[in-house]
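>>> Sequence first, predicted model second:
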Amino acid sequence: MITNFFIPELNNHDVQELWFQQDGATCHTARATIDLLKDTFGDRLISRFGPVNWPPRSCDLTPLDYFLWGYVKSLVYADKPQTLDHLEDNIRSVIADIRPQMLEKVIENWTSRLDYIRASRSSLMPEIIFKT
């Protein structure tokens, strides 16, 4: 997927400043995968065994896990879908209805947390109030 889809798709966009982050799943951290991602992103890779170590289960750095997917799930399952088709329809509908402003707010909040982490040299951030 990375070789055949992701990297060719990136080549269609100006992504010189793009950072790539992934969790520590074994398939994500295989030597071949990490080498490929390092070749593509250099030191802008946040991953276990990457140049920037990924902190597991970090609500500080994983807004998709700790906000967006929870938000999507709450709407997808609101009417308790009983069939796979119903579930798929709900997923498509909810994803299609996400407004760009919400995603911009998620990215803005995440970026401010990254800035704080850089400034604090990766120490804990108990005084931050997270808002999305």
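Noted; the coordinates are in hand.
>>> Just the helices from the protein, written as ranges.
Applying DSSP state H to the chain gives helices spanning 7-10, 31-41, 63, 69-76, 84-97, 100-119.
>>> Buried residues in the fifth one, which are they?
Applying a neighbour-count criterion of 16 or more other Cβ atoms under 10 Å, one finds 90, 94 buried in helix 84-97. For glycine as for every other residue, the C-beta is placed from the backbone atoms N, C-alpha and C.
>>> Likewise for the longest one?
By neighbour count with 16+ other Cβ under 10 Å, helix 100-119 contains the buried residues 106, 109-110, 113, 117.
>>> Indicate which one of the helices of the chain is closest to Gly50.
helix 31-41 (6.0 Å; Cβ to Cβ).
>>> With just CA atoms, put that closest one into CSV.
Taking Å, rounded to 0.1, in the frame of the first residue of the first chain, the C-alpha atoms of helix 31-41 are listed here in CSV:
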residue,chain,number,x,y,z
ARG,A,31,12.7,-2.8,9.1
ALA,A,32,11.6,-2.6,5.4
THR,A,33,8.7,-0.3,6.3
ILE,A,34,10.7,2.0,8.5
ASP,A,35,13.5,2.2,5.9
LEU,A,36,11.0,3.1,3.2
LEU,A,37,9.3,5.7,5.3
LYS,A,38,12.7,7.2,6.3
ASP,A,39,13.7,7.4,2.6
THR,A,40,10.4,9.3,2.0
PHE,A,41,10.1,11.5,5.1
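>>> Specify the residue positioned farthest from the middle of the protein.
Distance from the C-alpha centroid of the chain peaks at Gln82, with 28.9 Å (Cα atoms, centre = their mean).
>>> Nearest to Glu88 among the buried residues of helix 100-119?
Val106 (23.8 Å).
>>> For the buried residues of helix 100-119, could you give me CSV that also reports pLDDT?
As requested, those are exported to CSV (pLDDT from 0 to 100):
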residue, pLDDT
Val106, 82
Asn109, 79
Trp110, 75
Arg113, 73
Ile117, 69
